[in-house]
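[1] Here's a sequence, model it:
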Amino acid sequence: MTEKHELKRSLGLIDATSIVAGSMIGSGIFVVTVYMARDLGSAAWILVTWLITGLLTMSAALSYGELAGMMPTAGGQFVYIQRAYGKLASFLYGWTVFTVIQTGVIAAVAVTFANYAAVFFPFLQDEIFRIGDSFVFKNSQVLAMLSIALLTYINTKGVKNGKVIQLVFTSAKLIALFALIGFGLYIGFSTDTFSNNFDNTWEASKTVFDETTKTVTVTKLTGIAIVGAIGATIINSLFSSDAWNNVTFIAGEIKDPKKNIPRSLFLGTLIVTIIYILANIAYLALLPLTGTPDGSVVENGIMFAAQDRVGAAAANMIMGNIGVFVMAGLIMVSTFGCNSGLVLSGGRLFYAMAKDNLFFKKAGELNKHDVPEKALWFQCLWACVLCISGRYGDLLTYATFASLLFYILTIYGIFILRKKEPDAERPYKAFGYPIIPALYIILTAAICVALLIYDTVNTGLGLVIVALGIPVYYLFMNKKE
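    Here you go, the predicted structure:
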């Protein structure tokens, strides 16, 4: 008799919450405030933008809780979109997740992990070969691929292995982050830096540094220009807060998912929102907002932190030169833990697609440990290709816009399903329905419009990637027939 394999519900609330928080916190919080400082030039507007990001993320998570309670099965958002809109829309989501969103993030996070490992092991920055000026292959990219392969291998041996790694690394980086924030606030508030950064609280400006001429141009922003600048730069904080939805992909392995998924979504996004806002307050307490491209850590300020690493600059202010190594270690822990959650979760989405004949058939099989091993290896292979290509950064830019569109689509699905299936079981109902979900849709749509205006090329390419999935969908459907 053949042994039947099925997904086992072995993850509790703490495990699910660690996946939400661990998948969200990668390297973004240590870098993107630099870009936001240049785009806004105001400490107050930076904090407002992070607060808007947190509120948007939490409102989306609370809305997803209703869908998760209705459909507590593997695949998460893919399943929600299919139930509300049909197979084509759900495939386009899964296609975008596989081609750029999930695998692109995994590749980017892995390369970030390897780049910071080079702080301790400089040979990782050595070139293996190059093709012209546009393609360089380094030892760090090899380490990035090996880290993805290692996490994939560990996750093929059972969900408990992935759970342990996720819990350990998420706990470690949360403790380290709170310690960094605590010391940063204690040391920073003993100086006048924070109050000086708020001298001209609401005066916004855009700062551009020309690498060729080595000149800095500052343009004042007023009225609608400030709104547009926030709409454009918020993509940075939204990217840093993304991947919270990954826990829905593994709904088939969570105990009491109708209660634990909504709870984990709320708790995880709340924890990360608090950490991100406190981290930015710490940055503003330790470093001047403005600065010059050349100079010491203090002279650089947040805007021109060396290599855009504001986290490293903050650590330097707390611990001196050793702070560079401490921060590098923290980011290695953070990115490795982040990828652990991303690898674990992503494979379940592709497993759900395969079970629906919308992905490679082999991806729909479970191994003796009751995990979708082949789906995990498909994900690993493509993520490694993106590591080799060196183009994952561009792909991420394209995909973030597409990801926001799918968030809007999914949350609008709540309205559709309330009308189509009024009597369906809803163990948890979206918080503040219909006002909170509607506000999320309106505000996120406004951000997408701002991105279309201010970053037309990248947002347009994001739409192209989604559209390319249409002919692929019909290929799968014809094959099925």
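
[2] how about the helices in the stretch 51-200 of the chain?
    Using DSSP state H, counting those that start in this stretch, the helices of the stretch 51-200 of the chain run over 77-85, 87-96, 102-117, 139-156, 159-188, 193-197.

[3] So which of the ones you listed is the most surrounded?
    Most buried of the helices of the stretch 51-200 of the chain, by mean neighbour count (mean count of other CB atoms under 10 Å): helix 102-117, with a mean of 26. All C-beta spots, glycine's among them, are computed from the backbone N, C-alpha and C.

[4] by how many degrees do it and helix 87-96 diverge?
    20 degrees (axes from the mean of the first three to the mean of the last three CA atoms, to 10 degrees).

[5] starting at the chain centroid, how far to helix 102-117?
    Its chain's C-alpha centre and that of helix 102-117 lie 12 Å apart, by CA atoms, centre = their mean, to the nearest Å.

[6] and what of stretch 438-445?
    19 Å.

[7] what do you get for stretch 39-50?
    20 Å.

[8] ditto for stretch 424-440
    Between the centre of stretch 424-440 and the centre of its chain there are 24 Å (CA atoms, centre = their mean).

[9] Name the residues of it that are buried.
    By neighbour count, and taking 16 or more other CB atoms under 10 Å as the criterion, the buried residues in stretch 424-440 are 426, 427, 428, 429, 430, 431, 436, 437, 438, 440.

[10] So for the second one, what's the pLDDT?
    It refers to residue 427. As predicted, residue 427 sits at a pLDDT of 90.

[11] which among the buried residues of stretch 424-440 gets closest to residue 447?
    Ranked by distance to residue 447 (CB to CB), the buried residues of stretch 424-440 are led by residue 440 at 10.6 Å.

[12] Verify the stated contact: the closest one with residue 61.
    No. Using CB atoms under 8 Å, residue 440 makes no contact with residue 61, being 10.0 Å away.

[13] The closest residue to residue 141 other than its chain neighbours: which element?
    Sequence neighbours aside, residue 387 is the residue nearest to residue 141 in space, at 5.3 Å (criterion: CB to CB, 6 or more residues apart in numbering). Assessed by DSSP states H and E, residue 387 sits inside helix 373-389.

[14] where in this structure is pLDDT low?
    1-5, 390-393, 395-396, 480-481 (pLDDT under 70).

[15] rerun at 80
    Within the chain, the segments meeting pLDDT under 80 span 1-7, 74, 132-135, 389-400, 478-481.

[16] what residue is smack in the middle of it?
    residue 242 (3.3 Å; CA atoms, centre = their mean).

[17] For that residue, give me its contacts.
    Residues near residue 242 by CB atoms under 8 Å, 6 or more residues apart in numbering: 24, 105, 400, 403.

[18] which of the residues in the helix or strand hosting the last one are buried?
    It stands for residue 403. Following DSSP H and E, one finds residue 403 within helix 392-420. Neighbour-count burial for helix 392-420, counted by 16+ other CB under 10 Å, picks out 392, 395-415, 417-418.

[19] Packing partners of that helix?
    Applying 3 or more CB pairs under 8 Å, 6 or more residues apart in numbering; DSSP states H and E, one finds that helix 392-420 contacts helix 43-70, helix 77-85, helix 87-96, helix 102-117, helix 224-240, helix 435-454, helix 456-480.

[20] for residue 345, what are its contacts?
    Taking CB under 8 Å, 6+ apart, one finds 19, 23, 102, 246, 247, 249, 250 in contact with residue 345.

[21] ditto for residue 7
    74, 252, 253, 348, 366, 370, 371.

[22] 7 Å - rerun?
    By CB atoms under 7 Å, 6 or more residues apart in numbering, the contact set of residue 7 is 74, 252, 253, 370.

[23] For it, give its distance to residue 355.
    11 Å (CB to CB, to the nearest Å).

[24] Need the contacts of residue 345 in CSV (columns: distance to residue 116).
    Shown next, in CSV, are the contacts of residue 345 (distance: CB to CB, whole Å):
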residue, distance to residue 116
19, 23
23, 19
102, 22
246, 22
247, 26
249, 27
250, 28
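
[25] Serialize the residues you listed to CSV and add fields for secondary structure and distance to residue 52.
    Compiled in CSV, the contacts of residue 345 are given as follows (DSSP: H, G, I helix; E, B strand; the rest coil; distance: CB to CB, whole Å):
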residue, secondary structure, distance to residue 52
19, helix, 25
23, helix, 21
102, helix, 25
246, helix, 22
247, helix, 23
249, helix, 26
250, coil, 29
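
[26] Looking at the residues you listed, which is nearest residue 337?
    residue 23 (8.9 Å).

[27] tally of neighbours for that closest one?
    31 (other CB atoms under 10 Å).

[28] my read: it touches residue 241, true?
    No. Contact between residue 23 and residue 241 fails when scored by CB atoms under 7 Å: they sit 10.5 Å apart.

[29] ok, residues contacting stretch 182-201?
    Contacts of stretch 182-201 (CB under 7 Å, 6+ apart): 43-44, 281-282, 284-289, 314, 317-318.

[30] and if you look at stretch 17-32?
    For stretch 17-32, contacts defined as CB under 7 Å, 6+ apart pick out 109, 112, 166-167, 169-170, 173, 236-237, 239-244, 246-247, 264-265, 267-269, 271-272, 276, 279, 308-311, 331, 334-335, 337-338, 340-342, 345.
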